[in-house]
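> Got a sequence here, can you build the structure:
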Amino acid sequence: MFMLESHLSADQNRVVSRVQAAAAEANVSLFLTGGAMRDMLGGFPIRDLDFTIEGNALKVARAVAKTAGAKIVSEDEHRKSAELAFPGGVTAQIAMSRRETYPRPGARPQVTPATIHEDLSGRDFTVDAIALSLNRASRGLLIDPTNGLGDLERKELRAVYNYALYDDPVRILRLIRLRVRLGFTVEERTQAQYANVRAEGLESKIPPAALFDELKQIAAEPKAAEIVEALAEEKLLGLFSPALETKLNVAGLTRLEKAKQLAPFGIPFPIDHTGLFLFFLAEKLTPKEKAALVKATAMPRAAVDHWQKLEANSKKLEKELKGPKLNRPSQVYHALEKVPGEQILFLLLRSSQRIVQDRIRNYLQKYLPMAQEVTEEEIRAKGGEPGTPKYRKAREELITAKLNARPKKVVEEPPPPPKPPEPTPGAKKPPRQPLARG
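Modelled structure (predicted):
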């Protein structure tokens, strides 16, 4: 538990506490699973929180959304899972502990409730099949039925069972993504299973919605360009769009990766990665080829709009940023504070205005970190309680004062004059020089 709490941000720790409280209220068993456990135990930053519940997960998810001010982004009634977005940019999945049975490769699975051990034993890779109990009686208990911890130490990706890639062929895309992201090798039998799936052409059985979900996962990866290149080498990029095989914008995706690295680590900076990633991924495609990409992935209308309106929406921000009204650090900060992160990064990459790029860099590298130095104790001292208008106003005033304060000049005292050398004992004193006349 200490390892978990030390790896989570303050916002993520709050989410864990809220979900724990809702699960206890519903009297169901709660576990932290999946990528969150893999990243924590492997020493990687925890990007998303994955919770598994032995019981009614959707009921708990709705209760959490109501009490924690979170938004339910999507619900899967078949698998009894929900995606939630919390204040501060934290995302989480709350899912029912289940067993999935596939009648044929790529088919819709039959889902039945199961224990946490049965759930873990039916997952894709052993490094994703580890759970941590968050229940009062067994809090901190590690559950690892497939020895995923050993594979993490060996830096190896191993399928949980012999038909894991056959049952759900989208896992071959996940295998490549995790191999690149983690820098792991693929275990020999898992590599053989991958080769057999490809030999039988089962990648064609991946449903369009699953392709879009994988595209969203790639978009949020820090090595997205390298993952896309790996998919191209494996002749799998054509599943999303055949045109990408010859019109892959590697240079644009690489620049995007570098821009993302400018965002300060550990500071809330919400980004809709999907629209930003899609813009650069499909930058060289014709309108007809972009429409084919949308169709092949069954892309939701909201995602399409966000992607295709990103440039136009960012132009409005560019006009404001190059204006003469933003001549103080606090004005730049407050102009960008509530702007979606994807628009800020888009302008950093695409704007031809030097002043716009400079102001964005200053915001990311100076103003945003400085604003985090304003503590909750300082805000409360001005009489504001969290969540109230007075609290928000006090926070804004303190940040403004901090950003606009001129750094104090350090006045260096002149060094003392050197002392004359002491005469050597027995030495004659030098003759006194006569004073000049006039």
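> Local confidence estimate at the residue nearest to Gln353 when sequence neighbours are not counted?
In space, and not counting its chain neighbours, Gln353 is closest to Lys322: 4.9 Å by Cβ to Cβ, 6 or more residues apart in numbering. Placement of C-beta: from N, CA and C, glycine included. pLDDT recorded at Lys322 is 87.
> likewise Arg432?
For Arg432, the predicted pLDDT is 61.
> what bits of this structure have low per-residue confidence?
Within the chain, the segments meeting pLDDT under 70 span 384, 387, 406-415, 419-438.
> Centroid-nearest residue for it?
With distances taken as Cα atoms, centre = their mean, Arg47 lies nearest the centre of the chain, 4.6 Å away.
> Wait, a strand at that residue?
No. Under DSSP: H, G, I helix; E, B strand; the rest coil, Arg47 falls outside any strand and is assigned coil.
> Let me know the distance separating it from Gly238.
The spacing between Arg47 and Gly238, counted by Cβ to Cβ, to the nearest Å, is 28 Å.
> quick revisit: how about the residue nearest to the centre of the chain, what does it touch?
Residues near Arg47 by Cβ atoms under 8 Å, 6 or more residues apart in numbering: 35, 39, 220.
> Just those residues: which are in helices?
Assigned to helices by DSSP state H, the following of the contacts of Arg47 qualify: 35, 39.
> Could you take the contacts of Arg47 and lay them out as a markdown table, with extra columns for neighbour count and distance to Gln93?
Output for the contacts of Arg47, formatted as a markdown table (neighbours: other Cβ atoms under 10 Å; distance: Cβ to Cβ, whole Å):
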| residue | neighbour count | distance to Gln93 |
| --- | --- | --- |
| Gly35 | 19 | 9 |
| Asp39 | 19 | 14 |
| Ala220 | 16 | 13 |
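> So Thr65 is in contact with Lys71, correct?
You called it Thr, but residue 65 is Ala. Yes. Ala65 lies in contact with Lys71 (Cβ atoms under 8 Å); the separation is 6.8 Å.
> who's more crowded, these two?
Ala65 (20 against 10; other Cβ atoms under 10 Å).
> For that one, which residues are in contact?
Ala65 sits next to 71-72, 84 when contact means Cβ under 8 Å, 6+ apart.
> rerun at 10 Å
Contact partners of Ala65, counting by Cβ atoms under 10 Å, 6 or more residues apart in numbering, are 18, 22, 71-73, 82, 84-86, 94.
> With Thr33 instead?
49-53, 93, 95, 97, 116, 119-120, 123, 128-132, 143.
> Glu156 pairs with what?
Thr185 (DSSP bridges).
> Please tell me how far the residue nearest to Gln353 sits from Glu203.
According to Cβ to Cβ, Lys322 stands 47 Å off from Glu203.
> for Leu134, same thing?
With distances taken as Cβ to Cβ, Leu134 is found 36 Å from Glu203.
> cool, Tyr363 as well?
Distance from Tyr363 to Glu203, counting by Cβ to Cβ: 43 Å.
> cool, and Asp119?
26 Å.
> More neighbours: the two, which one.
Neighbours per residue (other Cβ under 10 Å) separate Asp119 from Glu203, with Asp119 holding more: 24 against 21.
> check which helix or strand covers the more buried one.
Asp119 is part of helix 116-120, with elements assigned from DSSP states H and E.
> ok, back up a step: what's the closest of the contacts of Ala65 to Pro417?
Nearest to Pro417 among the contacts of Ala65 is Phe86, at 64.3 Å by Cβ to Cβ.
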